[in-house]
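Participant: just the structure for this:
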Amino acid sequence: MDKWSAMRVCALGMQIALLSLSSMVAGQNDVQITFSENNDCSGSGSVYIGFDPEICLREGVWRGSIEVTGAGNCERTRVFKNRNCTGTPTADFAGNKCYTMDNLGGTDNSAYWYRSCNPPHKPVKPVCKRKAPKPTGVVFIQKTYNGSWILHDRENARLYSKLKNLSNNEKVDWLRSHGAIFKPKTTGKARTL
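Facilitator: Just a heads-up that it's a prediction; the model follows:
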């Protein structure tokens, strides 16, 4: 093999290694969990994007459903009917799902995701930080399920209180006027549990 061929093989090997590394890093925190007001993963709610696995997400109020997107077969989500991700989960599922919480009626909700395919398999204990992560922002998902309007802001409680009092027709205009982005649905509607 001449000098130039060896350099090309080396360069190709570096490109493949970088591509593999970038896809591994990009896939680290693709899971998005949305707590929605309706029991069909639509309406207004809080969204958590780009957080680490095994971090307890605490919703201080009852929500009608939880939608998980960006999760593959090796990312599982556990849902609880308390604020601390403790006790027996009411649901434990893999992949993208819409979990309706009709059976939780009026309780606080919490959830976390974890990786289940990484050996060795160890028992999962969520990290319940003293100060739980705040939602990334507020979200509105129309009944057409063609995507979500997401307003990224750390003042989630204030924004949500304003958003929930608007009619569905007013919500999109209000979100647009506050700088929300539209995230189209790239796959079909998540399967409801």
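
Participant: report the mean confidence score over stretch 176-193.
Facilitator: Predicted confidence along stretch 176-193 averages 70 (mean pLDDT).

Participant: correction: the previous question concerned stretch 86-96.
Facilitator: 89.

Participant: then stretch 142-153?
Facilitator: Rounded mean pLDDT across stretch 142-153 is 82.

Participant: ditto for stretch 43-57
Facilitator: If you average the pLDDT over stretch 43-57, you get 88.

Participant: buried residues, that stretch. List them.
Facilitator: Buried positions in stretch 43-57, judged by neighbour count with 16 or more other CB atoms under 10 Å: 43-49, 51, 53-57. All C-beta spots, glycine's among them, are computed from the backbone N, C-alpha and C.

Participant: now render those residues as CSV, adding secondary structure.
Facilitator: Putting the buried residues of stretch 43-57 into CSV (DSSP: H, G, I helix; E, B strand; the rest coil) gives the following:
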residue, secondary structure
Gly43, strand
Ser44, strand
Gly45, strand
Ser46, strand
Val47, strand
Tyr48, strand
Ile49, strand
Phe51, coil
Pro53, coil
Glu54, coil
Ile55, strand
Cys56, coil
Leu57, strand
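
Participant: nearest to Leu163 among the residues you listed?
Facilitator: Distance to Leu163, by CB to CB, is smallest for Ser44 among those, at 5.0 Å.

Participant: what bridges to that closest one?
Facilitator: On the basis of DSSP bridges, Ser44 is bridged to Phe140.

Participant: tell me who's in contact with it.
Facilitator: Contacts for Ser44 (CB atoms under 8 Å, 6 or more residues apart in numbering) come out as Ser36, Glu37, Val138, Val139, Phe140, Tyr160, Leu163, Lys164, Lys171.

Participant: swap in Thr34?
Facilitator: Cys41, Gly45, Ser46, Val47, Tyr48, Ile66, Glu67, Thr69, Val139, Ile141, Ser148.

Participant: 7 Å instead?
Facilitator: Gly45, Val47, Ile66, Glu67, Val139 (CB atoms under 7 Å, 6 or more residues apart in numbering).

Participant: please apply the same query to Pro184.
Facilitator: Contacts of Pro184 (CB under 7 Å, 6+ apart): Asn146, Gly147.

Participant: so in terms of bridging, what pairs with it?
Facilitator: Pro184 has these beta-bridge partners by DSSP bridges: Gly147.

Participant: quick one: it from His152, how far?
Facilitator: Using CB to CB, to the nearest Å, Pro184 is found at 17 Å from His152.

Participant: where do the helices sit along this protein?
Facilitator: Counting by DSSP state H, the chain has these helices, from start to end: 3-26, 156-164, 168-177.

Participant: hey, least reliable of these by pLDDT?
Facilitator: For the helices of the chain, where the average pLDDT is lowest is helix 3-26, sitting at a mean of 43.

Participant: between the contacts of Thr34, which is nearest Asn84?
Facilitator: Closest approach to Asn84 among these (CB to CB): Ile66, at 15.9 Å.

Participant: what's the burial count for the closest one?
Facilitator: 26 (other CB atoms under 10 Å).
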